[in-house]
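# Test case, fold it:
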Amino acid sequence: MLIQGGTVIDPARGVHERLDVLLRDRRVQAVGPSLTPSPGEEVVDARGLLVTPGLIDLHVHVYYGASHYGIEPDPHCLATGTTTVVDAGSAGALTFPAFRTYVIEVARTRIIPFLNIGATGMLSADVGELEDVRFIDKPKALQAIEANRDLIQGVKVRLSRQQVGANGRVALTTALETAEAAQLPLMVHVGDTTLPLNDILRELRGGDVMTHCFHGREQGVLDEHRRVRAEARKAVVRGVVFDVGHGVGSFTFAVARAALAQDLAPGTISSDLHVYNVRGPVFDLATTMSKFLVLGLGLDDVIRLTTSAPAKVLGSVDHIGTLAPGAAADVTLLRLESGAFEFVDTRGETIKAGERLVPVRVVRDGVPQAASLQPRPPSGTSSGSRPV
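I've put the predicted structure just below:
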């Protein structure tokens, strides 16, 4: 396939210019001006479009049919422009084998799992996976990781009261010990935690991920005076990744606006897409990206935070998140659409926008996929309250 005439944005290589992209044998073959296709190769007219590495969403839940959060990955992720997703702890050691067999290995979307330190994973909306300390099981987690080293790329722990009960400290300690023993990053879900955020941040290592970084609950990145916590700044310097993880209750414009004004930017932009927000206020990763354009991040930064930045977290900077020759043939074509739009956060605040990112076409591993199977609102309607 030859993708011609689009504006290629590849932050991993500092590229932002009108170029062609040639894909062959499931790899990026070349990127440059006026490339010529071979006989029989499909030519895609990308004039007026943005051509980016396949988008990477560092936080979704796609254990469809088992986890109460689970959505089907292909119609909700791949079809809306995201070629690679990280499932953030939907499965634990006891439930991972079925996740691998019945979801990961049959999906067209590339699914990279982080294993929940809770052995059952996120099965129930009524019982937290860490409320019973017997399920906080380091040996079982390490056994599952070693048996699935080709897939599992991190460990996940959720520290909200409804998930961890009174076991916050043991859950965090066990998750850290497991991640360190497995030499993998740890993703920590914060918001309404039983532990002070400063205590959590002090424990995190460079390369670990704090997701839901702009939530509006207690123990957030802003202190009681609405100033960015000193421990948050120290964590960023140490290399801790602050991930957006929008979700159904974990992203507010007010916190994001205040943090950005104090030079605390996210390290990655992710959707936390799941069954409770796929019809709003999240919808898809492109909508979350659009919200950060409205908040003042530049287009190249927004693309970087959904391509090369999450690829670095995953240790896959040469394979995904870039259009460098030899990388996986994952490409997302986006339109930066002008109009009158509104976006809403998880607290109901609405902001107006004059543009948004819309996925137009997706190529995954060299194979073109249908895009935008999910209906997007027309100009003048709200991207945060889309009719269903």
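
# contacts and neighbour counts: CA atoms only from here.
Noted.

# The stretch 251-388 of the chain: helices as residue ranges?
Using DSSP state H, counting those that start in this stretch, the helices of the stretch 251-388 of the chain run over 253-261, 285-294, 299-304, 308-313.

# Now do the first one: distance to the chain's middle.
Read it as helix 253-261. Remark: helix 253-261 is offset 19 Å from the chain centroid, using C-alpha atoms, centre = their mean, to the nearest Å.

# Could you measure from residue 107 over to residue 364?
11 Å (C-alpha to C-alpha, to the nearest Å).

# Now the element after the lengthiest helix in the chain, going C-ward?
When the chain is parsed with DSSP state H, its longest helix is helix 168-182. Counting by DSSP states H and E, the next helix or strand C-terminal to helix 168-182 is strand 186-189.

# That next one - which strands sit beside it in the sheet, and in what orientation?
Counting by DSSP bridges, the strands paired with strand 186-189 are strand 154-158 (parallel), strand 209-211 (parallel).

# mind listing what's buried in the longest one?
Read that as strand 154-158. Within strand 154-158, the residues scored as buried using 16 or more other C-alpha atoms under 10 Å are 154, 155, 156, 157, 158.

# got it, and stretch 199-217?
Applying a neighbour-count criterion of 16+ other C-alpha under 10 Å, the buried positions in stretch 199-217 are 200-201, 204-205, 207-217.

# How about residues contacting the host helix or strand of residue 142?
Per DSSP H and E, residue 142 falls inside helix 138-147. Under the contact criterion C-alpha atoms under 8 Å, 6 or more residues apart in numbering, helix 138-147 has outside partners 92-94, 96, 115-117, 119, 152, 174-175, 177-178, 181-182.

# do that again at 10 Å, thanks
92-97, 114-119, 148, 151-155, 171, 174-179, 181-182, 184 (C-alpha atoms under 10 Å, 6 or more residues apart in numbering).

# Those residues, buried ones only, as a ChimeraX selection?
The ChimeraX selection below is limited to those of these classed as buried (16+ other C-alpha under 10 Å):
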select :92,93,94,95,96,114,115,116,117,118,119,151,152,153,154,155,171,174,175,176,178,179,182,184
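
# Run through the bridge partners of the nearest residue to residue 323 once chain neighbours are set aside.
In this structure, residue 323 finds its nearest non-sequential neighbour in residue 53, 5.6 Å apart by C-alpha to C-alpha, 6 or more residues apart in numbering. Judged by DSSP bridges, the bridge partners of residue 53 are residue 331.

# Surely residue 53 and residue 306 touch.
Yes: counting by C-alpha atoms under 10 Å, residue 53 does reach residue 306; the two are 9.1 Å apart.

# who has more neighbours, these two?
The neighbour count for residue 53 versus residue 306, taken as other C-alpha atoms under 10 Å, is higher for residue 53 (31 against 26).

# what is in contact with residue 107 and residue 364 at once?
Common neighbours of residue 107 and residue 364, using C-alpha under 10 Å, 6+ apart, are residue 78.

# So between the two, which is more surrounded?
Taking neighbours as other C-alpha under 10 Å, residue 107 and residue 364 compare with residue 364 leading, 22 against 13.

# wait, what's in contact with the residue nearest to residue 192 when sequence neighbours are not counted?
The shortest distance from residue 192 to any non-neighbouring residue, by C-alpha to C-alpha, 6+ apart, is to residue 160 (5.2 Å). Residues in contact with residue 160 (C-alpha under 10 Å, 6+ apart) are 128, 130, 166, 168, 189, 190, 191, 192, 193, 194, 195.

# Any idea how many residues pack against the second one?
To tie it back to what came earlier, the one meant is residue 130. So residue 130, with other C-alpha under 10 Å, has 31 neighbours.

# picking that back up, could you turn the buried ones of the contacts of residue 160 into a PyMOL selection?
Of these, the buried ones can be selected in PyMOL as follows, counting by 16+ other C-alpha under 10 Å:
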select buried, resi 128+130+166+168+189+190+191+192+193+194+195
